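Trainee: I need the structure of the sequence given here:
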Amino acid sequence: MFPYQLLSIFFVASKVKEEESDYDLSLYKRGDLLEVPRTLFTHFGIYLGDNRVAHLIPDILPAFTKNTSAISRMVTNNRLVLGVIAKVASVRVDSVADFAYGSEILINHMDQVCSQAPLDGDEVARRAEMLVGKVTYSLLWYNCEHFVMYSRYGMCISYQTYQFCTAVRKIVCSRMNAYLTALCGTGITVFLGSVTPWTTLTPLLVAFTIWMAA
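Mentor: I've put the predicted structure just below:
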């Protein structure tokens, strides 16, 4: 499977049916933080009222055209994946159904996680509306969660990013990884027959750094 296909699986939404799903708009208030599950992550948006949701989504199209009619069409998986690779995205306004893409919607679930109290609903929506347009995208440092967290709480953070980095740190900066690095480095040095102070100390230094970070 090619990396492009893997990214498609990662970002594709779990659409339950082809026709547009019905959502009870009376449940949402202006400034609400909406979230929907995707295949391996959660997508976030800010409800603006009148069946409109502002959300940040990777999209390659704004990098090539200013045709608002073409850009406003629902973002396809191809546009999305290419946007991730090129680090191009846009904060756009879609209907609730287009935003949710058939998934169940959670409302203000982040209020239970964030220690910061949410801003006033109109202020939340105003912040989100001010950011509508093309933006630079980063999977770890500026994604849809950073956008909604700034809009609703005034903090540009992502819990998903934090959890991912914590998991990677546990894997990379583990004591077992330090042992394996030192062992592999020493083995390769001996196998190549170039045992010098530099080739010996380099893998040991890397292993020591990992050990101290663990």
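
Trainee: Can you list the low-confidence ranges for the protein?
Mentor: Counting by pLDDT under 70, the chain has low-confidence residues at 1-21, 161-214.

Trainee: Can you show me the helices along it?
Mentor: For the chain, the helices defined by DSSP state H occupy 3-11, 68-72, 77-86, 96-100, 121-130, 144-153, 159-172, 175-192, 197-213.

Trainee: since we're on the closest residue to Y159 other than its chain neighbours, how many residues are nearby?
Mentor: Spatial nearest neighbour of Y159, chain neighbours left out: V113 (6.4 Å); criterion: Cβ to Cβ, 6 or more residues apart in numbering. C-beta here means a position set from N, CA and C on the backbone, and glycine is covered the same way. V113 has 7 neighbouring residues, counting by other Cβ atoms under 10 Å.

Trainee: Surely Y23 is in contact with V96?
Mentor: Yes - using Cβ atoms under 8 Å, Y23 makes contact with V96 at a distance of 4.8 Å.

Trainee: what touches both of those two?
Mentor: Common contacts of Y23 and V96 (Cβ atoms under 8 Å, 6 or more residues apart in numbering): I105.

Trainee: what about those two, which has more around it?
Mentor: V96 (22 against 17).

Trainee: Quick one: residues contacting that one.
Mentor: 23, 25, 28, 34, 47, 51-53, 105.

Trainee: and which of those residues is nearest S90?
Mentor: Proximity of the contacts of V96 to S90 was ranked by Cβ to Cβ; the top entry is V53 with 13.5 Å.

Trainee: What's the separation between that closest one and V36?
Mentor: As judged by Cβ to Cβ, to the nearest Å, V53 and V36 stand 10 Å apart.

Trainee: Then D122?
Mentor: Counting by Cβ to Cβ - D122 and V36 are separated by 23 Å.

Trainee: higher neighbour count, these two?
Mentor: Just comparing D122 and V36: by other Cβ under 10 Å the higher neighbour count belongs to V36, 21 against 11.

Trainee: Which residue comes closest to the more buried one once chain neighbours are left out?
Mentor: S103 is the one closest to V36 (Cβ to Cβ, 6+ apart), at 4.1 Å.

Trainee: quick one: common contacting residues for V53 and V36?
Mentor: F99.

Trainee: got the buried residues for stretch 108-121?
Mentor: Within stretch 108-121, the residues scored as buried using 16 or more other Cβ atoms under 10 Å are 108, 110, 118-119, 121.

Trainee: Please list the residues outside it that contact it.
Mentor: 29-33, 35, 44, 124, 127, 148-149, 152-155, 159.

Trainee: Looking at those, point me to the pair that's furthest apart.
Mentor: Between any two of those, the greatest separation by Cβ to Cβ is 23.8 Å, found for R30 and Y159.

Trainee: More neighbours: those two, which one.
Mentor: More neighbours surround R30 than the other of R30 and Y159, with 16 against 13 (other Cβ under 10 Å).
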